[in-house]
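From the sequence below, what's the structure:
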Amino acid sequence: MEPIRVMIVDDHDMVRRGLRAYLGGQRDMVLVGEAEDGHAAVALALECTPDVVLMDLVMGEMGGAEATAEITDRLPDCRVIILTSYYDDDQVFPALQAGAFSYLLKTSRGTEIAAAIRAAVRGEPAIESRVATVMASRLRGPRERPHERLTGREREVLELLGHGLSNAEMAEHMGIGVKTVKTHVSNVLAKLDLVDRTQAAVYAHREGLVDP
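Sure, this is the predicted structure:
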């Protein structure tokens, strides 16, 4: 079986040296090139056609996301593994959208990096746990607040509770019966997991549902 052809892209010499030393000891891998910026990485990748590229993100001439997009576009079979110190939204998603296959942090152990390289060749992505957390949070979107589950009438009742109105006053204000108001109040308390009207009023003020 042919060894996995690996290329390293990082603008820090010490990082390249460390990776070179570790990966050089892997019998199923061969280092085919090193680059210290995105422009050089693209040119070198086209020249040496690696199976896997370990790509830093923040570099001088061309960033890792841009280089990843170029490489994956021109070498579709090449897997790019991001290896960086950054795991915030501004870095993770542009890199993945650019075509990165896996995303690791520089705190990863050598064994983890080697395992990710082998997994990439098998078509199995590797995402560092902190990065996965960022992705999951982004995909879940904004967290729904409890009162957003209320009906329009229930929301109106909650706002009126915030103003301290009695059931009779709410009934008159809303043009409905007191019994109906009581039903709405009970539903509001149940849906918001509140004990009484006072807690409902506090909730309404805390969530900004009551005009000053």
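
Going by C-alpha atoms from here, please, whenever you check contacts or count neighbours.
Noted.

residue ranges of the helices in this structure, please?
Applying DSSP state H to the chain gives helices spanning 13-23, 38-48, 64-74, 89-97, 110-121, 129-140, 152-162, 167-174, 178-191, 197-206.

which parts of the third one are buried?
Going by neighbour count (16 or more other Cα atoms under 10 Å), the buried part of helix 64-74 is Gly64, Ala65, Glu66, Ala67, Thr68, Ala69, Glu70, Ile71, Thr72.

Check stretch 87-95 too.
Tyr87, Gln91, Val92, Phe93, Ala95.

just those residues now: which is nearest Ser129?
Checking the buried residues of stretch 87-95 against Ser129 with Cα to Cα, the nearest one is Tyr87 at 10.1 Å.

what residues are up against the closest one?
Neighbouring residues of Tyr87 by Cα atoms under 8 Å, 6 or more residues apart in numbering: Leu105, Arg130, Val131, Val134.

Phi first, then psi, for it.
phi -140, psi 30 (degrees, to the nearest 10).

what's the distance between it and Ser108?
Distance, Tyr87 to Ser108, using Cα to Cα, to the nearest Å: 13 Å.

quick one: the residue nearest the centre of the chain from Tyr86, how far?
By Cα atoms, centre = their mean, the mean C-alpha position of the chain lies nearest to Met135, the distance being 2.0 Å. Met135 sits 13 Å away from Tyr86, going by Cα to Cα.

Mutual contacts of these two, please.
In contact with both Met135 and Tyr86: Val92, using Cα under 8 Å, 6+ apart.

re earlier: TSV for the contacts of Tyr87, including pLDDT?
Formatted as TSV, these follow (pLDDT from 0 to 100):
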residue	pLDDT
Leu105	93
Arg130	82
Val131	84
Val134	74
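
What remains of the residues you listed if I keep only buried residues?
Applying 16+ other Cα under 10 Å to those flags Leu105, Val131 as buried.

that older thread, farthest pair within the buried residues of stretch 87-95?
Checking these with Cα to Cα, the most distant pair is Tyr87 and Ala95, at 10.5 Å.

Now for the two: what residues contact both?
Counting by Cα under 8 Å, 6+ apart, nothing touches both Tyr87 and Ala95.

Can you report how many residues lie near Leu189?
17 (other Cα atoms under 10 Å).

confidence score at it?
On the pLDDT scale, Leu189 is placed at 92.

In contact with the residue nearest to Pro94 when sequence neighbours are not counted, which residues?
Residue nearest to Pro94 in three dimensions, not counting chain neighbours: Ala65, with 6.4 Å by Cα to Cα, 6 or more residues apart in numbering. Taking Cα under 8 Å, 6+ apart, we find Ala65 in contact with Leu57, Pro94, Ala95, Ala98, Ala100.
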